[in-house]
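> here you go, sequence then predicted model.
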Amino acid sequence: MHDHEDLAAEAPRPGALSTAALLIRVRAGEPAAREALAGRYLTSLRRWAHGRVPVRARDLVDTDDIVQSTLMRAFNRIHDFEPRREGAFFAYMRQILLNQIRDEARRGRRRPDHVEFEDEIPNADRSVLDEVIGRENVERYESALARLSESHREALILRIEMGYRYREVAEGMELPSSNAARKLVARALVHLAEIMRGDHDA
């Protein structure tokens, strides 16, 4: 299995400063570090959220607004987050984002007589996750992802959702090699599939 350049084309790359180093500087109150950290994840959070806001709620809230709110909430709680690896902080932010999307879904369901149209988002704008598992399985995926070990969850987030190459997954998770990252992602995918299959058969 080879790396797919298209998956990584728009993904933020680990910079000269690690996420942990930037988090330390953000906690110390450095505005430049805050901007750098937000910029590192903004594109991936937008791509992840794109199309996940329910149809009923799309005329109430803009996806970019939810992403910006997610970043603000994450930074407001930055002192509660222990600086760790690349995948851990993205997992932390995506959980905040997911909770906000679910809140919007609940508000949207309370709106009466709303006609749902087919989603017209072009395929080119669909998230990597949607392309891999299909949008109808996203909730099952989220449930299964939450039950994985932390390392398996981080590996899948970096590889599938952020589009990192295996070399970058290794860097982000402090693994010894690209091959080690490849094996970890493979094990995580197997475990994820087992959980999703079990939920489907239950």
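Cool, got the structure.
> I figured Y41 hits M93, correct?
Yes. Between Y41 and M93 there is a contact under CB atoms under 8 Å: 6.2 Å. Any C-beta I mention is one placed from the backbone N, CA and C, and that applies to glycine too.
> overlap of the contact sets of these two?
L71 (CB atoms under 8 Å, 6 or more residues apart in numbering).
> where are the low-confidence patches of the protein?
The chain contains residues with pLDDT under 70 at 1-16, 51-61, 83, 105, 108-136, 200-202.
> domain assignment for it?
Split into domains by automatic domain parsing, the chain comes to 9-111, 126-202.
> can you lay out those as TSV showing mean neighbour count?
Formatted as TSV, these follow (neighbours: other CB atoms under 10 Å):
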stretch	mean neighbour count
domain 9-111	17
domain 126-202	17
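> what are the boundaries of the helices in the chain?
Per DSSP state H, the chain carries helices over the ranges 5-8, 19-27, 31-49, 63-76, 86-109, 128-133, 138-146, 150-156, 166-173, 178-201.
> gap between Y166 and R46?
24 Å (CB to CB, to the nearest Å).
> let me fix that, I meant to ask about L156.
Distance from L156 to R46, by CB to CB: 19 Å.
> next: R167.
The gap separating R167 from R46 is 24 Å, by CB to CB.
> cool, I66 as well?
For I66, the distance to R46 (CB to CB) stands at 9 Å.
> and the residue lying closest to L189 once chain neighbours are set aside, what does it touch?
Nearest in space to L189, with sequence neighbours left out and distances taken as CB to CB, 6 or more residues apart in numbering, is L156 at 7.0 Å. Counting by CB under 8 Å, 6+ apart, L156 makes contact with 145, 148, 185, 188-189, 192.
> max pairwise distance over these: which two?
The span of these, defined through CB to CB, is set by L145 and V185 at 13.2 Å.
> show the contacting residues for M93.
For M93, the contact set (CB under 8 Å, 6+ apart) comprises 41, 45, 70-71, 74.
> so can I have JSON lines of the residues you listed showing distance to R107?
Shown next, in JSON lines, are the contacts of M93 (distance: CB to CB, whole Å):
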{"residue": "Y41", "distance to R107": "25"}
{"residue": "L45", "distance to R107": "21"}
{"residue": "T70", "distance to R107": "17"}
{"residue": "L71", "distance to R107": "21"}
{"residue": "A74", "distance to R107": "22"}
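> list just the nearest of the residues you listed to E171.
Closest approach to E171 among those (CB to CB): Y41, at 15.8 Å.
> which ones are touching the closest one?
By CB under 8 Å, 6+ apart, Y41 lies in contact with 12, 71, 89-90, 93.
> now for those residues: which two are most distant?
The largest separation in the contacts of Y41, counting by CB to CB, is between P12 and L71 at 13.2 Å.
> what residues are shared contacts of the two?
Listed as contacting both P12 and L71 by CB under 8 Å, 6+ apart are 41-42.
> ok, H152 to R94 distance?
Separation of H152 from R94 (CB to CB) stands at 15 Å.
> ignore the last one, S149
Per CB to CB, S149 is found 17 Å from R94.
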